[in-house]
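Chemist: Everything below, folded, please.
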Amino acid sequence: MSEASPHLHAGVQAGDQPLVQVSDLRVVVRGADGPVTILHGIDFSLHAGRVLCVLGESGSGKSMTMRALMRLVPRSATIEGRVVIDGVDVLTLPERALTDIRGSLVSMIFQEPATALDPTFTIGHQIAETVRAHDGASWADARRRALDLLELVQVPSAARRLQAYPHELSGGLRQRAMIALALSCRPKVLIADEPTTALDATVQIQVLLLLRELQRELGMATLFVTHDVGVACEIADEVAVMYAGRIVEHGTTEEVLGRPGHPYARGLLRSVVTSELVGTRLEPIKGSPPDLSALPPGCSFAPRCGHALERCAVATPGLAPLSPTHLVRCVRSGELEPIPDHAQEVTS
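Modeler: From the prediction side, this is the model:
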């Protein structure tokens with residue numbers, strides 16, 4: 001059964017309709033040993049002009065959630081639930097209509113631009129071709145738009161870069177070109193799937209600042225996937241923490257990263273290196289993420305949780321409110337002591 005998700009945040013007026021509404025989203029993949037459920041009833045909503053950061057370890061279901069929103073899942077996968085973007089029910093669209101909204105209504109920045117960009121065409125050709133496909137522009141107008149986009153994402157010598165192939169650009173410039181491609185048809189929703197993972201720290205900061213600036217300037221709703229708490233602090237208005245195919249905590253950035261209620265979210269925060277931790281030992285989360293084909297009964301995090309009770313291994317808890325905008329999937333969320341001050345430094 002679908003659960004309620006936070007719907008009223010700072011900067012959002014009561015009665016405003018979310019641009020993105022996801023209800024009871026489930027993905028099941030058929031494997032050699034039988035079906036495996038990858039996503040277990042994901043629920044969230046997002047308004048225009050807001051950034052929702054989806055945080056979690058590798059294998060938690062973050063990228064699968066984003067791909068399911070655009071129906072870019074493997075052929076062996078089945079999607080259930082409801083995904084409504086700007087009033088369009090994505091999961092009921094025929095394939096031709098789906099192709100029309102990809103890139104125009106909703107667009108995606110992939111994790112590794114070196115594999116997402118076509119190596120046989122120049123950057124300018126790929127951006128112009130996308131503009132022509134969705135806007136029906138002439139090649140001359142499309143190339144002018146491609147140049148404007150490269151300048152928008154601050155690519156130096158943009159006119160010369162139009163003629164460059166992906167392998168001729170650095171990792172940072174390829175990522176900027178991918179951002180330009182994603183923005184080419186002015187989407188209302190932007191999905192960024194760990195777009196800074198392969199970049200060095202300096203370029204990562206530049207790309208993050210650029211994305212935040214563009215998001216504010218264009219008023220897009222943005223879904224940003226990461227496993228980096230520091231990245232979430234830089235870019236997010238809201239944070240959803242995922243574990244084993246479920247959202248285990250969702251709220252404003254200040255609530256989730258400043259006052260986390262789920263033991264997993266608290267563990268992620270304690271694993272962040274801050275100046276207060278110099279000379280001390282980090283506190284890693286014990287154990288490993290579960291095998292999705294053989295999840296433990298009850299709470300999936302219970303085997304790794306230092307706060308688990310006997311009942312945690314019996315039934316999966318639902319999302320319960322700590323505040324009107326802060327939901328936590330844990331039976332002990334209101335009992336846990338505040339996190340140490342050094343762990344909160346990352347949110348400042």
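Chemist: other SSEs contacting the host helix or strand of E249?
Modeler: Using DSSP states H and E, E249 maps to strand 246-252. Counting contacts by 3 or more CB pairs under 8 Å, 6 or more residues apart in numbering; DSSP states H and E, strand 246-252 packs against strand 34-46, strand 238-243, helix 263-270, strand 326-328. In short, each C-beta sits where N, CA and C put it, glycine included.
Chemist: In the longest one, which residues are buried?
Modeler: For strand 34-46, the buried set under the neighbour-count rule, 16 or more other CB atoms under 10 Å, comprises 36-46.
Chemist: what angle sits between whichever helix or strand comes after that strand and helix 263-270?
Modeler: Using DSSP H and E, the helix or strand that follows strand 34-46 in sequence is strand 51-55. Going by axes from the mean of the first three to the mean of the last three CA atoms, to 10 degrees, strand 51-55 is angled at 100 degrees with respect to helix 263-270.
Chemist: what does the helix or strand that strand 51-55 is followed by rub up against?
Modeler: Later in the chain than strand 51-55, the nearest helix or strand by DSSP H and E is helix 62-69. Residues outside helix 62-69 that contact it (CB atoms under 8 Å, 6 or more residues apart in numbering): 20, 22, 25, 27, 38-39, 42, 54-56, 73, 79, 83, 85, 90, 106, 108, 111, 191, 193-194, 223, 225-227, 242, 245.
Chemist: Drop the exposed ones from those residues and show what's left.
Modeler: Buried by 16+ other CB under 10 Å: 20, 22, 25, 27, 38-39, 42, 54-56, 73, 79, 83, 85, 90, 106, 108, 111, 191, 193-194, 223, 225-227, 242, 245, out of the contacts of helix 62-69.
Chemist: ok, K286 to G306 distance?
Modeler: From K286 over to G306 the distance is 8 Å, taken as CB to CB, to the nearest Å.
Chemist: same deal with L149?
Modeler: In this structure, L149 and G306 are 49 Å apart, going by CB to CB.
Chemist: These two: which has the busier surroundings?
Modeler: The residue with more neighbours, out of L149 and G306 and counting by other CB atoms under 10 Å, is L149; that gives 26 against 9.
Chemist: right, and that one touches R176 too?
Modeler: No - between L149 and R176 there is no contact under CB atoms under 8 Å: 9.7 Å.
Chemist: that older thread, redo the helices and strands packed on strand 246-252 as TSV? Include mean pLDDT and distance to A313.
Modeler: Converted to TSV, those look like this (pLDDT from 0 to 100; distance: least, CB to CB, whole Å):
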stretch	mean pLDDT	distance to A313
strand 34-46	95	17
strand 238-243	97	16
helix 263-270	90	14
strand 326-328	96	18
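Chemist: show me where the stretch 151-300 of the chain has strands.
Modeler: For the stretch 151-300 of the chain, the strands defined by DSSP state E, counting those that start in this stretch occupy 189-193, 221-226, 238-243, 246-252.
Chemist: Would you mind pulling up the elements that the third one packs against?
Modeler: Packing contacts for strand 238-243, counted by 3+ CB pairs under 8 Å, 6+ apart, involve strand 51-55, strand 246-252, helix 253-258, helix 263-270.
Chemist: Which residue ranges of the stretch 201-348 of the chain form helices?
Modeler: Taking DSSP state H, counting those that start in this stretch, the helices of the stretch 201-348 of the chain run over residues 201-218, 229-235, 253-258, 263-270, 341-344.
Chemist: Which one of the ones you listed lies nearest to P317?
Modeler: Counting by CB to CB, P317 lies closest to helix 263-270 out of those; the figure is 11.8 Å.
Chemist: Can you check which of the helices and strands packed on strand 246-252 gets nearest to T316?
Modeler: With CB to CB as the criterion, T316 lies closest to strand 34-46 of the helices and strands packed on strand 246-252, at 8.2 Å.
Chemist: tell me how far the closest one is from the chain's mean position?
Modeler: Remark: strand 34-46 is offset 14 Å from the chain centroid, using CA atoms, centre = their mean, to the nearest Å.
Chemist: One more: stretch 230-240?
Modeler: Offset of stretch 230-240 from its chain centre (CA atoms, centre = their mean): 10 Å.
Chemist: Pretty sure I191 sits against L223.
Modeler: Yes - taking CB under 8 Å as the definition, I191 is a contact partner of L223 at 4.8 Å.
Chemist: How about the contacts made by V225?
Modeler: 53-54, 62-63, 66, 191-194.
Chemist: With respect to A97, which of those is nearest?
Modeler: For these, the nearest to A97 is I191 (18.6 Å; CB to CB).
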